[in-house]
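A.B. asks: coords below, sequence missing:
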């Protein structure tokens, strides 16, 4: 696996396994369709930063509950119009799941469950495995226009619109998806400002 949760095409380690993906040659400007066999990260939504914004990736993901509050996922297949709600969490008797599988191409968003005020936790620790490995070139924000185009049921549409990245249309129009996603998720000035605003 690569470090930092993304494919490392420039990695000199001979033990890093790269696989050739199909249909992704045009995703990267260099035309490289190779990815790590798998990448893995963990991330932590908190009571001050509860949302996972609406996006999709070409690779399959598995999200693992690793502690804290439950987290509610909303998944949507734009090809079949199938909408699924799944809660990642420890309480199997309430229907929560210890892992959530998200097929590549599904739209995904979510929110931390803050309904239990007696809960001692202010976060959820979520592990995420991606195969073939994560690459920002395989990642896309979903725009408001796409939500309107693919969703006809008003209640579902409003739910997903609530999770759209406010800059998604501009990012796609200016073809800045890779740079904007990397800036949003990689530790740096943008992340530091976001963390400070939530402290």
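C.D. replies: Received the coordinates, thanks. Not measured: the values here are computed from a predicted model.
A.B. asks: which element is residue 180 on?
C.D. replies: Mapping residue 180 onto the secondary structure by DSSP states H and E places it in helix 177-185.
A.B. asks: can you pull the buried residues of stretch 91-100?
C.D. replies: Within stretch 91-100, the residues scored as buried using 16 or more other Cβ atoms under 10 Å are 96-97, 100. Bear in mind the C-beta positions are built from the backbone N, C-alpha and C, glycine included.
A.B. asks: Now the helix holding residue 180: average pLDDT?
C.D. replies: Model confidence over helix 177-185, given as mean pLDDT, is 70.
A.B. asks: now do stretch 138-153
C.D. replies: In this model, stretch 138-153 carries a mean pLDDT of 95.
A.B. asks: Same check on stretch 103-117?
C.D. replies: Averaged over stretch 103-117, pLDDT sits at 95.
A.B. asks: Could you do stretch 50-67 as well?
C.D. replies: pLDDT averaged over stretch 50-67 gives 96.
A.B. asks: centre of the chain versus that stretch, how much separation?
C.D. replies: In this view, stretch 50-67 has its centroid 4 Å away from the chain centroid, taken as Cα atoms, centre = their mean, to the nearest Å.
A.B. asks: Surely residue 42 is in contact with residue 129?
C.D. replies: No: in terms of Cβ atoms under 8 Å, residue 42 does not count as a neighbour of residue 129; the distance is 10.2 Å.
A.B. asks: Between the two, which has more neighbouring residues?
C.D. replies: Here residue 42 and residue 129 are set side by side on neighbour count (other Cβ atoms under 10 Å), and the busier one is residue 129, at 20 against 13.
A.B. asks: State the number of residues packed around residue 79.
C.D. replies: Summarising burial for residue 79: neighbours were counted as other Cβ under 10 Å, giving 8.
A.B. asks: I figured it hits residue 107, correct?
C.D. replies: No: distance between residue 79 and residue 107: 10.6 Å, which falls outside the contact criterion (Cβ under 8 Å).
A.B. asks: what's near enough to touch residue 161?
C.D. replies: When contacts are counted by Cβ atoms under 8 Å, 6 or more residues apart in numbering, residue 161 is found next to 144, 147.
A.B. asks: do you know how far it is from residue 180?
C.D. replies: Distance from residue 161 to residue 180, counting by Cβ to Cβ, to the nearest Å: 19 Å.
A.B. asks: And the helices in this protein, which stretches?
C.D. replies: For the chain, the helices defined by DSSP state H occupy 144-150, 154-161, 168-173, 177-185, 189-197.
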